[in-house]
Every structure is written in structure tokens, then in C-alpha cells.
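[1] turn this into a model:
(one chain, ligands or ions: 1)
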Amino acid sequence: MTSRRVIDRSRLAQQMAAEQHRFVESHPRSAELAAAGDRHLLAGVPMPWMTRWPGAFPIHVAAASGAHFTDVDGIEYVDFCLGDTGAMTGHRTVAPGDASTTMLPSVDAAWVGDELARRFGMAKWQLTTSATDANRFVLRFARHLTGRPKICVIDWCYHGTVDETLAILGPDGDVVSRPGAIGPQVDPSVTTRVVPFNDVDALDAALAHGDVAALLMEPALTNIGIVLPAEGYHAAVREITRRHGVLLVIDETHTISAGPGGCTQAWGLDPDIVVMGKPIGGGFPVAAYGVTDEIAAGLDGVLHGHDADVGGVGGTLAGSAMATAAVRATLSTTLVDADYDRMIPLATRWADGVAAAIADHGLPWSVQQLGCRAEYWFCPLPANGADAAAAVDDELDAFMHLWALNRAILMTPFHNMALLCPAHTQADVDRHTEVFAAAVDELLG
Ligand SMILES: Cc1ncc(COP(=O)(O)O)c(C=O)c1O
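    Residues are numbered from 1 along each chain as shown. Prediction:
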């Protein structure tokens, strides 16, 4: 006899209703935090799988140690979930009272959603373990919402190890794999359209095919030197994407150098989705994506409730208590206006020093700055990624890096870039200028 026949379904429904009542009655603080999370977290939680618990809302964890954790209503639990293996060693405390990973939202979750919304203007947020993951997930959302198969990226972009984005324009204007990209899943022209930065006509033509779900772009290129947008470019991008029904995803992972809310805040951009990575956890692996209310409403069915996607979007350690605590610790204390007030003038000083040495030596090189990030390039200011890529000079690059390293200056690998933090001093910057000028002296004999 199957359980379906012996179990009285209407009685079960009553039992379930009683349990739901008991749950709600005994978890008033979790209920409050869940309501707070609804303000600025997609599905009310930092990671969608956290909605897959049977109570009316997820319990919120206050502390965990060993095989136990305590929720914010003071109830202590034996934890047989252990963050779905992430805490298999038993919960360890990083700071008194912190849990590491539980598959449940922590007390910091709502704060993080509120703060990201305040900075970037996107209504609803979630956390991922990397910017790569954030980009992968939002591309899935875009295909889901639009029913279109392709994405569009900017020539010579970089958005992490995201298959669809590892593409450039080949010599004939065809979409080809990015040089050095190992083992593409499929020919990238199947998944991706590529357009040059600062070229609105090319964008219009690419999107006119009607098969693109999203344009994923950095607001300024930062992964092939720094290329800034031409006057009016972003307004045109927004108009063109809207006209073609294409979602606009702005990846601020590097361009957070422009200010506390990246270029989106600094330049008043109006994207559908923002991705933010690297520094928001102060070195802890965590990233985030934020969407407008409209996109959030479209995703409700796939990120919330029984049919939520627990395969393609998420990650067991995404939005963990430790990651959420890391974001709160970082964004409540750093990457704030006062830091940028210190970092940006230092970057300007760095760029001015390099520009002066370039001019003194009559070299056809350039230096570009975006907030607290500055980079020199071995050609006059390029207008797009292909121009910048054409000026790549591996030998010169290796020399400049090693020259600096041998004089106790570490430059970012794959870049001639300096990123300034609040702890840098003018003396640090001036030392670079001196070493750079000496390198150029040496080069020109
Ligand atoms: C603009 C941009 N987005 C995303 C990423 C990927 O970040 P992660 O490697 O942390 O996933 C990078 C990495 O450099 C990046 O530059």
C-alpha cells in the first residue's frame, strides 16, 4: 500500500498548517530579518537556494560552532546540513559569534542588500562567489527573460572565465576565440556577437539581428589598457539596447575605481543589471549582482519557491554567512567617499608623473586614468580594444615590469596599471615616477 493511499491528505494539510503556525510564532526575529531582506535582496535572500526551506521564511543564523548553530530567536539547533558540506569540518568561528556557511541567510544579509542598492541604484541583489559566477548567472537570466540565445560583448573585453565572453573580432570581422582561450565549449560565434567599444553603429547593427539577450560590458574598458567612453556613448548604448529589447549589464568589477558606486553612480548610468566583484569582500571570495525591480519581478518564479533553479544559478558557498560578513565589514568601513578622496588624487599624481616622463622623452605613449586606477600604454590613447591590442608589446612590457620589480615596485601583471589604495603615499607614487622615467631613459639610451 503506498503512502499516498494511507496518508490522509486533508489531515496532512491541517498538520502542515499547524506547523507553519508554530514556526511563525517561534521565529519573530527571523521574520523581521526576512522582511528586511525583501527590501533589497532578490527573493529576500543572498542566494536563491536559501528559499528552499519549509517554513514561511528562512530562519536567520546568529552564531554557529561545531555541529550546532543558534538562530536569531535564540534557538539552538543540531546542524546536520552543515552548509551542504561547506561546513563539514564543523562550524568554525572566524570572529566570536560568526557562522561560516549554513545554507541560510545571516544577520548581515539585509544590510548588504541595502548598502549595494544605495551605492549602485539597483533594487535587488544577490551574492556569488566570484564576478565570473555573477556574470554567468545574469547571462542565464537574460536568456530566460528574453527567450533569445546570444549575448553581445565588447571587442577585447574581459568578464572572467565566462565561456560566451571569451571572444574577439577576427581580422575579417568574424567572431573568433580570444587568443589563448583553451577548449571553447562551442565556436563562440554560435553564442556571441562582438562589437568594438565606442562604436554605436556597430552595436545597432549587431543588435538588429534580434537574437541578442544582453549586452555585457564594462562602462570603460579596463582589461586592454583603460579606454574611456566617448562623449554620448553611454546614452546611445542605452537607447540602442532598449530599442532592440536587449538587457544592459554593466560589469563594475574593475570600474569601482571611479567611486563608491562605480561608473554607474558616478556617471548616472541606467543599466538593467549591475555586476560587482573583487574588492567588495576585502579579499574574501565574494561578488554580487543587482537587478532592477522589473527584472526581479520577471525572475520571481525561477529564484523563489519550489521550482527555483538550484542548478544553474547559485553555488553552495555563495552568500555564505562568512561572505556576507566580509561584504558588510568591507563596505561599512572602506571603499567610501573619504577613501576615494585620497586615492583619486594619488592616481592623478601617478598618471601626471608618467605623462611628464613620456612627454619629456617624446614617446608616442599615453597614460589614462579612471578614478584610482591608471595605466600607461605603448601608443597614443586608443579609441577601442582592437587599437589598444595592436599596440601590445610583450618585450617592452616585460622590461618595464622587471625594471620596476628590481627597484621594489610591483606592477599588475598583464597590465601597466597602478591601482591606488588609501594606504599609498605621495612618496610611493613619486618613487614610481622616478623609476618609470629612469626606465624610459634606459630604453632610449
Ligand atoms: C571586468 C571584470 N569582470 C569580471 C572579472 C572576473 O573576476 P573573478 O576572476 O574574480 O571572477 C574580471 C577579472 O579580472 C574583470 O576584470
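[2] excluding sequence neighbours, find me the nearest residue to the residue of the stretch 201-350 of the chain found nearest the ligand.
    Nearest residue of the stretch 201-350 of the chain to the ligand (C-beta to the nearest ligand atom) works out as Thr253 at 3.7 Å. C-betas here are computed from N, CA, C, even on glycine. Nearest non-adjacent residue to Thr253, counting by C-beta to C-beta, 6 or more residues apart in numbering: Gly277, 3.9 Å away.
[3] equivalent analysis for Val24, please.
    The nearest residue in space to Val24 (C-beta to C-beta, 6+ apart) is Ala56, at 5.6 Å.
[4] what's the answer for Ala123, then?
    Using C-beta to C-beta, 6+ apart, the closest residue to Ala123 is Asp293 (4.4 Å).
[5] shouldn't that neighbour be in contact with Lys124?
    Yes. Counting by C-beta atoms under 8 Å, Asp293 touches Lys124, with 7.0 Å between them.
[6] next, show the common contact partners of those two.
    In terms of C-beta atoms under 8 Å, 6 or more residues apart in numbering, Asp293 and Lys124 are not both contacted by any residue.
[7] dump the residue contacts of the residue nearest to Thr253.
    Contacts of Gly277 (C-beta under 8 Å, 6+ apart): 130-132, 134, 160, 251, 253, 287-288.
[8] with neighbour count and pLDDT as added columns, please give these in CSV.
    Below are these laid out as CSV (neighbours: other C-beta atoms under 10 Å; pLDDT from 0 to 100):
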residue, neighbour count, pLDDT
Ser130, 18, 96
Ala131, 25, 97
Thr132, 18, 97
Ala134, 30, 98
Gly160, 19, 95
Asp251, 30, 98
Thr253, 24, 96
Ala287, 26, 96
Ala288, 27, 98
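[9] sorry, back to before: how about the secondary structure of the residue nearest to Val24?
    Secondary structure state of Ala56, per DSSP: H, G, I helix; E, B strand; the rest coil, is coil.
[10] okay, now it: neighbour count?
    Neighbourhood size, Ala56 [other C-beta atoms under 10 Å]: 13.
[11] ok, back up a step: more crowded one of Asp293 and Lys124?
    Lys124 (24 against 10).
[12] give me the phi and psi angles of the more buried one.
    Per-residue torsions, Lys124: phi -130, psi 140 (degrees, to the nearest 10).
[13] where's Val392 relative to Thr255, distance?
    21 Å (C-beta to C-beta, to the nearest Å).
[14] the more surrounded of the two?
    More crowded of Val392 and Thr255, by other C-beta under 10 Å: Thr255, with 24 against 14.
[15] so who does that one touch?
    Contacts of Thr255 by C-beta under 8 Å, 6+ apart are 218-220, 222, 262-263, 370-371.
[16] rerun at 7 Å
    Contact analysis of Thr255 by C-beta atoms under 7 Å, 6 or more residues apart in numbering lists 218-220, 222, 262-263, 370.
[17] now Ile295
    Contacts of Ile295 by C-beta under 7 Å, 6+ apart are 145, 272-273.
[18] and with 8 Å instead?
    Contacts of Ile295 (C-beta under 8 Å, 6+ apart): 124, 141, 145, 247, 272-273.
[19] in a helix, Val313, correct?
    No. Val313 is assigned coil when assessed by three-state DSSP, not a helix.
[20] in three-state terms, label the residue of the stretch 301-445 of the chain found nearest the ligand for me.
    Residue of the stretch 301-445 of the chain nearest the ligand, by C-beta to the nearest ligand atom: Phe414 (9.1 Å). When classified by three-state DSSP, Phe414 comes out as coil.
[21] okay, now it: neighbour count?
    Neighbours of Phe414 using other C-beta under 10 Å come to 12.
[22] burial count for Val302?
    18.
[23] skip the chain neighbours and tell me the closest residue to it.
    Asp309 (5.2 Å).
[24] repeat for Ile256
    Gly262 (4.7 Å).
[25] and what of Leu443?
    Leu443's closest residue in space is Phe399 (C-beta to C-beta, 6+ apart), at 7.3 Å.
[26] what's in contact with the strand or helix carrying the one you found?
    Assigned by DSSP states H and E, Phe399 belongs to helix 394-405. By C-beta under 8 Å, 6+ apart, the surrounding residues in contact with helix 394-405 are 378, 410-411, 413, 416, 432, 435-436, 438-439, 442-443.
[27] please spell out the PyMOL selection for the buried subset of those residues.
    Of the contacts of helix 394-405, the buried ones can be selected in PyMOL as follows, counting by 16 or more other C-beta atoms under 10 Å:
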select buried, resi 378+411+416+432+435+436+439
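[28] just name the closest of the contacts of helix 394-405 to Leu166, please.
    For the contacts of helix 394-405, the closest approach to Leu166 (C-beta to C-beta) belongs to Pro413, at 18.6 Å.
[29] helices and strands of this protein: which one bottoms out on pLDDT?
    Using mean pLDDT, DSSP states H and E, the weakest-scoring helix or strand in the chain turns out to be helix 3-6, at a mean of 56.
[30] any buried residues in the helix or strand immediately after that one in the chain, and which?
    Proceeding N to C from helix 3-6, the next assigned helix or strand is helix 9-26, under DSSP H and E. For helix 9-26, a neighbour-count test (16+ other C-beta under 10 Å) marks Phe23 as buried.
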